[in-house]
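Engineer: Got a predicted model here, sequence first, then my questions.
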Amino acid sequence: MAGLTLEHLFKRYDNSGKKKKTVNDYAVNDLNLKCEQGEFVAFLGPSGCGKTTTLRMIAGLEEITHGNIYIDDCLINNLQPKDRKIGLAFEDYAMYPPLDVYGNVAFNLRAKGVDKAEIDRRVREIAPLMQIEDLLEKMPVKLSGGQKQRVNIARAIIREPEILLMDEPLSHLDGKSRQAMRIEIKRLINKIKCTTVYVTHDQLEAMSLADRIAIINFGVLQQFGTPTEVYDDPANEFVASFIGEPPMNILETKIIKRNGVFFFSFENSNLEITVPQRYYSVIHDGFSCKVGVRPMDVMIGGEDSKGTSEQIATFENLGDERRIGIHVGNDLLMLITEDEKRYKSGDIIKLEVRGEKTHLFDIATGARIREKP
Amino acid sequence: MARIKFENVKKTFGKVYALDGISFEIHDNEFFVLFGPAGAGKTTILNCVAGILIPDEGTISFNDQLMNLVDPARRNVAMVFENYALYPNMTVYDNMASPLRSKLYKTDENTIKEKVNGAAKMMKMENLLERLPSQLSNGQKQRVAMGRALVRDPNVFLMDEPLAHLDAKLRNAMRTELKEMQASLGSTCIYVTHDFMEAMALGDRIAIINKGKIIQVGSGDEIYYMPTNEFVASLMGEPQINIIPSTIKAEGNKYDLCFDVLGKEISMEMPVDEKVMAKIDELDLRCADIGIRPQHIQYSFEKIEGYFKATVYSYESIGNKSVIIADCGDYQIRMIAPNGLRVQIDSDIYISPEVEKSIVFDSGSKKYIVRYDEETVKAFATKQEVR
């Protein structure tokens, strides 16, 4: 068990003959991150954002362009991958087909020349943790995807790594087994308390597994925080729209002032949302920005509601919940309700938006506009 | 526009029954969803409608006209595939115009232009018409594939998991878009999916398919509230429904529900519902599986009178809410909780299921017996929206 520190980490793939260099040439761009001992950190971002590249640099499979990586206080930049005390579990299982599960799990230790009795002890110790006791004699071809991934993870943790690295370990599994496996991984990490870096593009996986999430886009760290922080207090528009399902509604707005009160108003729509007082110091009449509000913070008002009347564009009954879409200019504002009432498109409802739950973003940069403290 | 009828359709591939006696009727202009796990036979049904496959037994008819041996081209169906199948060397416009330039549907270029522009407008891609498929995102490609189906006035649209290749976010957005244009399709549509949210959101009616058989046909609400068996119940809803194996002890007018939690027998008095009690008496029901959806489980981390004790197995966020799974020994109970709780794995949790919202299944056959508030639910679930 150990902490992991990334310090001003850069990566550039040198493709000769490429056009002149720009900032975007960096696959990883000035990444600074500190994972505490025993912490579960997820690297989250769309494909091509540099999350796997970073993981590979930590593992020693990829050269570092600039910057330093430390495990505890020890600089590991120049250590061989095998000396880094790292366990790796990848998306594809890469098992040795002629070896049975036992052989696959034991392979690393055998290669290191650990004695037989010790290997056996460790395999038997890990097998129940990963629930593969009954599979030890089976060949890899006989295993289901979920079982293969269990073996794969067992193989990574049998080395008793300081840091466990996982790269999209669930993306090959179907919905149901992915869900089950997610829970198993969480329980396992909780038990072995190993510092873990987990790469995924699925925000749900990151939200449900990680102690802290590093959200990366174009090689640049956007935000590093607990699931609650990134959900409730996103650093910018990218984070806000990437976390949460269905995503946050983000609409372009113009702020108007009437009788001393500010409202968010929208082009080609009669929707108005009261601006919370805390923003009064950073806005003015005619201020343009984007306003974000999560679908669960938009509600259907009762008969005496003061909300504006809006026409339902889409109504989706999903069994557990219902989703309603409303046109606001060219955008669709989504809301979620567990109310049993069935609507149809064209129905008129009173819309109430919890103004205090809104976030403001800069139109050009997407940066969060925060109230003055 | 067409009514489509399947009567006892069978199809084998070698020794395997892909379709094992399928019968159903799709109404005019209906949006009909075929829903089931992988390998259930959904796509085989679609291919039989299209004429790509010919059934071994049984009949397929459109508007009472037998179709079994009619050429695919003459059935006037339009198909949208999962993998888009666009012509890579043609622009979006030409891709969408291609069906109207085929020998069979040869149309003059002015009409084509009108139709393509109409479809493009509906799919919101007027500005993409000059692009090549390689210059489109996956969501845009899927829209082109749908647009290409829309330019004709087919008897029926066949859509085979059109959103399955898209990432979660885009899939949700496209589902909503599809829902929005559903009314303007103006034709019968058969839609294949393995995603219950798509099935619920889009289908006027849903047919649940498993192992080549139809398990249930009904509106989304009927299937959600009155599933014909535990299999169907477990397909609809995320996280899936809890099934608690129980025994019922009847004494006079009092019915006790007994089940095992971590080796301890828990007994709760069943809330009174005339129909449920009558059914229990009629069948002399002693063993039953009680199905309760996760949102109908109350819990507490403090001891509360009447709540039973179990162990937290996991706690995880699924977006706007979280799921707690409690270990009860032979089974688990899933329940909905808010995000951001501090929950220790393996700690104690106290649980109280809202039995008054449960569904009673036969513990042997796993079939639906009765549910609480059945009459109310039935009235509400079968009240069909007619488009």
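Structural biologist: In hand now; what should we look at? Numbering: from 1, shown residues only, chains lettered A, B, ... in the order given.

Engineer: could you check whether the helix or strand containing A:Ile189 is close to chain B?
Structural biologist: Counting by DSSP states H and E, the element that carries A:Ile189 is helix A:175-192. Yes - using CB under 8 Å from any CB of the partner chain, helix A:175-192 reaches chain B at A:Gln179, A:Arg182, A:Ile183, A:Lys186, A:Arg187, A:Asn190. Every residue, glycine included, has its C-beta placed from N, CA and C.

Engineer: just those now: which is nearest chain B?
Structural biologist: A:Ile183 (4.4 Å; CB to the nearest CB).

Engineer: Let's see the helix holding A:Ile189 as PDB, backbone CA atoms only.
Structural biologist: Written as PDB, here are the backbone C-alpha positions of helix A:175-192 (Å, rounded to 0.1, in the frame of the first residue of the first chain):
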ATOM      1  CA  GLY A 175     -25.100  -4.900 -18.600                       C
ATOM      2  CA  LYS A 176     -26.100  -7.400 -15.900                       C
ATOM      3  CA  SER A 177     -22.700  -8.900 -15.300                       C
ATOM      4  CA  ARG A 178     -21.100  -5.500 -15.400                       C
ATOM      5  CA  GLN A 179     -23.400  -4.400 -12.600                       C
ATOM      6  CA  ALA A 180     -22.600  -7.500 -10.500                       C
ATOM      7  CA  MET A 181     -18.900  -7.200 -11.200                       C
ATOM      8  CA  ARG A 182     -18.900  -3.600 -10.200                       C
ATOM      9  CA  ILE A 183     -20.200  -4.500  -6.800                       C
ATOM     10  CA  GLU A 184     -17.600  -7.300  -6.500                       C
ATOM     11  CA  ILE A 185     -14.700  -4.900  -7.300                       C
ATOM     12  CA  LYS A 186     -15.900  -2.500  -4.800                       C
ATOM     13  CA  ARG A 187     -16.100  -5.100  -2.100                       C
ATOM     14  CA  LEU A 188     -12.700  -6.500  -3.000                       C
ATOM     15  CA  ILE A 189     -11.000  -3.100  -2.800                       C
ATOM     16  CA  ASN A 190     -12.700  -2.400   0.400                       C
ATOM     17  CA  LYS A 191     -11.200  -5.600   1.800                       C
ATOM     18  CA  ILE A 192      -7.700  -5.500   0.500                       C
END
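
Engineer: what comes up buried for the helix or strand just after that helix?
Structural biologist: Per DSSP H and E, the first helix or strand lying C-terminal to helix A:175-192 is strand A:195-200. Neighbour-count burial for strand A:195-200, with 16 or more other CB atoms under 10 Å in any protein chain shown as criterion, is recorded at A:Thr195, A:Thr196, A:Val197, A:Tyr198, A:Val199, A:Thr200.

Engineer: per-residue confidence at A:Gly17?
Structural biologist: pLDDT recorded at A:Gly17 is 50.

Engineer: same question, B:Asn253
Structural biologist: So, for B:Asn253, pLDDT stands at 86.

Engineer: One more: A:Gly307?
Structural biologist: 88.

Engineer: Repeat that for A:Lys21.
Structural biologist: 52.

Engineer: Just the element for the closest residue to chain A within the stretch 151-300 of chain B, please.
Structural biologist: Distances between the stretch 151-300 of chain B and chain A by CB to the nearest CB are smallest at B:Ala201, namely 3.7 Å. Here B:Ala201 sits within helix B:196-202, counting by DSSP H and E.

Engineer: Quick one: list the elements packing against that helix.
Structural biologist: Counting by 3 or more CB pairs under 8 Å, 6 or more residues apart in numbering or on different chains; DSSP states H and E, the packing neighbours recorded for helix B:196-202 are strand A:308-317, strand B:31-35, helix B:168-185, strand B:188-193, helix B:220-225.

Engineer: Quick check: the gap between the residue of chain A most remote from its centre and A:Glu272.
Structural biologist: Centroid-distance maximum for chain A: A:Asn259 at 42.8 Å, with CA atoms, centre = their mean. For A:Asn259, the distance to A:Glu272 (CB to CB, to the nearest Å) stands at 13 Å.

Engineer: now swap in B:Pro271 and tell me
Structural biologist: Taken as CB to CB, the span from B:Pro271 to A:Glu272 is 45 Å.

Engineer: before we move on, the earlier item: how far away from the center of its chain is the helix holding A:Ile189?
Structural biologist: Helix A:175-192 has its C-alpha centroid displaced from the chain centroid by 16 Å (CA atoms, centre = their mean, to the nearest Å).

Engineer: who touches that helix?
Structural biologist: A:40, A:129-131, A:144-146, A:149-150, A:153, A:157, A:164, A:166, A:169-170, A:173, A:196, A:205, A:208-209, B:239, B:313-314, B:316, B:325, B:345 (CB atoms under 8 Å, 6 or more residues apart in numbering or on different chains).

Engineer: tilt between it and strand A:195-200?
Structural biologist: 160 degrees (axes from the mean of the first three to the mean of the last three CA atoms, to 10 degrees).

Engineer: and B:Ile206, what element?
Structural biologist: strand B:205-210.

Engineer: That should have said A:Phe262, apologies.
Structural biologist: Using DSSP H and E, A:Phe262 falls in strand A:261-265.

Engineer: I'd like to know which elements that strand is packed against.
Structural biologist: So strand A:261-265, by 3+ CB pairs under 8 Å, 6+ apart, packs with strand A:249-258, strand A:272-274.

Engineer: Give me the buried stretch members for that strand, please.
Structural biologist: Those would be A:Phe262, A:Phe263, A:Phe264, for strand A:261-265 by 16+ other CB under 10 Å.

Engineer: Let me know the average pLDDT across it.
Structural biologist: pLDDT averaged over strand A:261-265 gives 95.

Engineer: Out of the helices and strands packed on strand A:261-265, flag the one nearest chain B.
Structural biologist: Comparing those by CB to the nearest CB, strand A:249-258 comes nearest, at 11.9 Å.

Engineer: which neighbours does that closest one have in its sheet, and in what orientation?
Structural biologist: Applying DSSP bridges to the sheet, strand A:249-258 is found paired with strand A:261-265 (antiparallel), strand A:288-293 (antiparallel).
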